[in-house]
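> I'll drop the sequence and a predicted model, then ask my questions.
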Amino acid sequence: MKLKSLVLLMLAAGSAPGAEKFSFKTGDRVVLVGNTVIERAREFGHLETMLTLGAGEEAKGVTFRNLGWSGDSVFGDARSYFGPPKEGRDRLKKVIGEARPTVLLVCYGTNAAMTATKGWTDDSAVAARSKAGDEASLALFVEGYGQLLDLAREGAGGALREVVLVAPPPLENLGPPWPDQGANNRKLARYRDAIRALAKARGHRFLDLFGAMGGGRVEPGKRVEAPLTTNGVHYGDAGYAVMAEELVKGLGLQLPANLSAIDPALVALRKKIKEKNRLFFHRWRPANETYLFLFRKGEQGNNAKEIPMFDPLIEGEEKKINELRNEVLKKLKK
C-alpha cells in the first residue's frame with residue numbers, strides 16, 4: 001500500500017487528539033520510551049528537571065522513569081538479549097507494567113530515517129519488507145510504531161491517560177570529517193510527518209522537536225555555528241538543555257520566570273535527578289543480568305535479591321527531588 005493511502009486510511013479510522021490542554025497531575029508517573037536520544041537524557045537530567053518545574057506547584061510528587069535503550073527500534077531488537085525481537089518487546093511491556101505510567105512520552109525515528117531499507121530487525125519477514133524501498137520502509141515503520149504503542153498501552157493498564165509521540169530532534173552538520181546530514185534530515189522530516197499522522201490517527205498528542213529545534217533550517221553543506229551535538233547525531237549537555245525547554249514549551253507548560261541555569265538551587269535539583277536516574281538504571285538494567293536472572297543464575301543468582309534494594313534508595317532520592325523542586329519554585333516566586 002502506498003504511504004499516502006496508508007496515512008489517509010489511518011486518519012479516517014482514528015480520532016483526533018482532544019483539545020484539552022496538557023497538564024501534569026499530582027502523583028503522575030511519567031515514563032519515557034525510545035532509543036538513544038531518550039536513554040542519553042538520563043545522563044544530563046535537563047528533560048526531567050524542566051518537566052518537573054513545568055508541572056507547576058499544583059502537581060505534586062510527579063515521578064519519572066527513563067526506559068530508553070540505545071540502538072532500539074520500534075521492533076524492539078536492541079532490548080532482546082538472546083532471543084528474537086519479540087523478547088525485546090515482551091521486556092518493554094513488562095517494565096512499562098512495573099512502572100505503571102499515567103503519562104507516556106515516546107520518541108523513535110532517527111535510526112529508522114538514517115537506515116531506511118537496511119533491514120532494521122532480525123525478523124527476516126519484516127526485514128525483507130523494509131528493503132523494498134524508502135516508501136515501503138516508512139510504511140513499515142508506522143506499522144511497527146503502532147504495534148509498539150498497542151503493546152505499551154496494554155502493559156501500562158488503565159491508569160495511562162496521556163500518550164505523547166515526540167518527533168526526534170534534527171541532525172547537525174559539523175563539517176569534515178563528519179558527514180553532511182542534509183539528506184538524512186530530509187528523510188527525518190518525512191518520518192516526522194508520518195509520526196504526526198500516526199499520533200492524530202490514534203488520538204495521541206504530538207510534539208515536534210524536529211521543527212522546534214530548527215530541522216527545517218538545516219541546510220546541506222552548511223556547518224552549524226554553535227553545535228548542540230558531539231558528532232552531528234548525539235546531543236550533548238547544551239543540546240539537552242535546549243531540548244528540555246522545547247519539550248516543555250511543546251506541551252504547553254510554563255517554566256518559572258527568571259529561571260537561571262546557574263542558580264544553586266536548580267543545579268542541586270538537576271544533580272539529584274541525575275543521581276536518581278543512575279540508581280534506577282542499575283535497578284532495571286543491572287550489570288551481569290545473565291548471571292542474576294537468566295541461564296547463568298546458578299552461578300550468581302543469589303545476588304538477585306539485592307536488585308530490589310535499589311527501590312528505597314530511588315524513593316529517597318525522589319523525596320529529596322520534590323523538596324528541591326519546591327525550593328526552586330518558592331524561590332522564583334519572590
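Cool, the structure landed.
> Where do the helices of the stretch 1-150 of the chain begin and end?
Remark: helices assigned in the stretch 1-150 of the chain by DSSP state H, counting those that start in this stretch are 3-13, 36-39, 41-44, 46-54, 85-99, 110-114, 124-130, 134-156.
> Same question for the stretch 151-300 of the chain.
Taking DSSP H, counting those that start in this stretch, the helices of the stretch 151-300 of the chain run over residues 182-202, 209-212, 237-250, 264-284, 289-292, 297-300.
> got any ranges where the stretch 51-200 of the chain has weak pLDDT?
Low-confidence regions of the stretch 51-200 of the chain, defined here as pLDDT under 70, cover residues 119-120, 122-125, 127, 130.
> The chain - how does it break down into domains?
Domain assignment for the chain, taken from automatic domain parsing, gives 3-255, 264-334.
> my read: Phe293 touches Gly301, true?
Yes - contact criterion Cβ atoms under 8 Å: Phe293 and Gly301 qualify, at 7.3 Å. Any C-beta I mention is one placed from the backbone N, CA and C, and that applies to glycine too.
> my guess is Glu96 meets Val31, correct?
In this structure residue 96 is Ile, not Glu. Yes - in this structure, Ile96 is within contact of Val31 by Cβ under 8 Å, at 6.2 Å.
> list residues touching both of these two?
67, 104, 156 (Cβ atoms under 8 Å, 6 or more residues apart in numbering).
> from those, which is closest to Pro308?
Closest approach to Pro308 among the shared contacts of Ile96 and Val31 (Cβ to Cβ): Leu67, at 17.6 Å.
> Give me the nearest residue to that closest one, chain neighbours excluded.
Leaving aside its sequence neighbours, Leu67 sits nearest to Val33 (Cβ to Cβ, 6 or more residues apart in numbering; 5.1 Å).
> Return the residues in contact with that neighbour.
Residues near Val33 by Cβ under 8 Å, 6+ apart: 67-68, 92, 96, 104-107, 152.
> what's across from it in the sheet?
Judged by DSSP bridges, the bridge partners of Val33 are Val106.
> On the pLDDT front, check it for me.
At Val33, the model reports a pLDDT of 98.
> repeat for the one 5 residues further on
Listed pLDDT for Ile38 reads 98.
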